[in-house]
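1. need a structure here:
(4 chains)
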Protein chains: 2
Amino acid sequence: MTTRSDPPPFDLASFTPYRLAVAAEKTSEALARQYRERFGISIPEWRVLVHLAQPLDGAATISVRDIEERVAMEKSKVSRAASRLEASGYIEKTVDAGDRRLVRLALTDKGRRMMADLLPLAMAYQQKIEARLAESFAGLEAALDAILDAE
Amino acid sequence: MTTRSDPPPFDLASFTPYRLAVAAEKTSEALARQYRERFGISIPEWRVLVHLAQPLDGAATISVRDIEERVAMEKSKVSRAASRLEASGYIEKTVDAGDRRLVRLALTDKGRRMMADLLPLAMAYQQKIEARLAESFAGLEAALDAILDAE
DNA sequence: CCAACCTCATTGCACTTGCAATGAGGACGG
DNA sequence: CCGTCCTCATTGCAAGTGCAATGAGGTTGG
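-> Below you'll find the predicted structure:
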């Protein structure tokens, strides 16, 4: 029996934000461990690198601001990740000649070589996830679209 | 045309671990903002509190270790969250009489009152998520089960 | 031209985190 | 008993984080 003083039943293990957080950590960690051990880079650094490895839409105007927009990270986080990557020799930072407030980021040869190793790993990992989830992958995609596109 | 020196195409925005991470942050943040502003508690603290608010399976043996197992958090994180909660007067820590290595955590009256306010909010939020996702919620659950249950 | 107001990137600060080390306590074989 | 080995919780440290403040640079209207 439930008396008036009992808390309402609530189970963290079936709370969607919690489940998403644990799933995110679990899936990220498996790949992150690989690039951490092999190249000494962290998740924020990985996110920055991915964008630099993409030729993307036309112009190669890749500034801290551009990355901040595309990646879900604070600009200070991007800035510090970029500084670490520069210190490790994976990227170069140069002041934009046209607008001197902007800092352009670009992979060095070393960075390009690392990404040539890393991207196939990431793509294989994505394939593995899709294979593991099988039919439920489509459902996941639909739900994530709904969550990520909301307002 | 693609030459041999181009990196393989890879889009972070469609990489499942990344999408999960952003979705997790987005869904957690909306609720976390509420309890942060109203009660000054953080996500780790919230996770601890939820477990203390549950009568759970039988015995009320809620130690740091128990919480660490149930919640996806390091024991040092649990320990520090518990210390902050104790300092704020939401929980009490007592050394277990039977096994003096264990620290039992329990809500204070203040903590119970807060949770009585908070849990309905969380449950309403869960309802809102389910309503928003509609048919895709079932797909999300299936996929999260598959991810979370893996090995 | 320049004052007021933007935008960009970095940084100072207080705080959190992960990890390894610590210390206290318990279990158990001999 | 007691030495060895386990478990539990905390803590020291170095590193990462969010936020606000800073400073440098750009833009625009008068």
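
2. Contacts only, for A:Leu49.
-> Counting by CB atoms under 8 Å, 6 or more residues apart in numbering or on different chains, A:Leu49 touches A:41, A:85, A:90-91, A:107, A:111, A:114-115, A:118. The way it works is simple: take the backbone N, C-alpha and C, and place the C-beta from them, glycine included.

3. In terms of helices and strands, where is it?
-> Assigned by DSSP states H and E, A:Leu49 belongs to helix A:43-53.

4. now could you export just the CA positions of that helix as CSV?
-> C-alpha atoms of helix A:43-53 as CSV (Å, rounded to 0.1, in the frame of the first residue of the first chain):
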residue,chain,number,x,y,z
ILE,A,43,37.0,14.0,-27.4
PRO,A,44,36.9,17.8,-27.8
GLU,A,45,40.1,17.5,-29.8
TRP,A,46,38.6,14.8,-31.9
ARG,A,47,35.6,16.9,-32.7
VAL,A,48,37.7,19.7,-33.8
LEU,A,49,39.9,17.5,-36.0
VAL,A,50,36.9,16.0,-37.7
HIS,A,51,35.8,19.3,-38.9
LEU,A,52,39.2,20.2,-40.2
ALA,A,53,39.4,17.0,-42.0
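
5. Include secondary structure when you put the contacts of A:Leu49 into CSV, please.
-> Output for these, formatted as CSV (DSSP: H, G, I helix; E, B strand; the rest coil):
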residue, secondary structure
A:Ile41, coil
A:Leu85, helix
A:Tyr90, coil
A:Ile91, strand
A:Leu107, strand
A:Gly111, helix
A:Met114, helix
A:Met115, helix
A:Leu118, helix
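
6. Among the residues you listed, filter down to the buried ones and hand me the PyMOL syntax, if you would.
-> To isolate the buried ones among those in PyMOL, judged by 16 or more other CB atoms under 10 Å in any protein chain shown, type:
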select buried, chain A and resi 41+85+90+91+107+111+114+115+118
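
7. Out of the contacts of A:Leu49, just show me the ones up against DNA strand C, please.
-> Among those, not one lies near DNA strand C by CB under 7 Å from any atom of the strand.

8. wait, which of the contacts of A:Leu49 is closest to B:Thr27?
-> A:Ile41 (27.2 Å; CB to CB).

9. show me the contacts for the closest one.
-> A:35, A:49, A:85, A:88, A:90.

10. For chain A, which segments are assigned as strands?
-> A:91-95, A:103-107 (DSSP state E).

11. Looking at those, which one is packed in the most?
-> strand A:103-107 (a mean of 18; mean count of other CB atoms under 10 Å in any protein chain shown).
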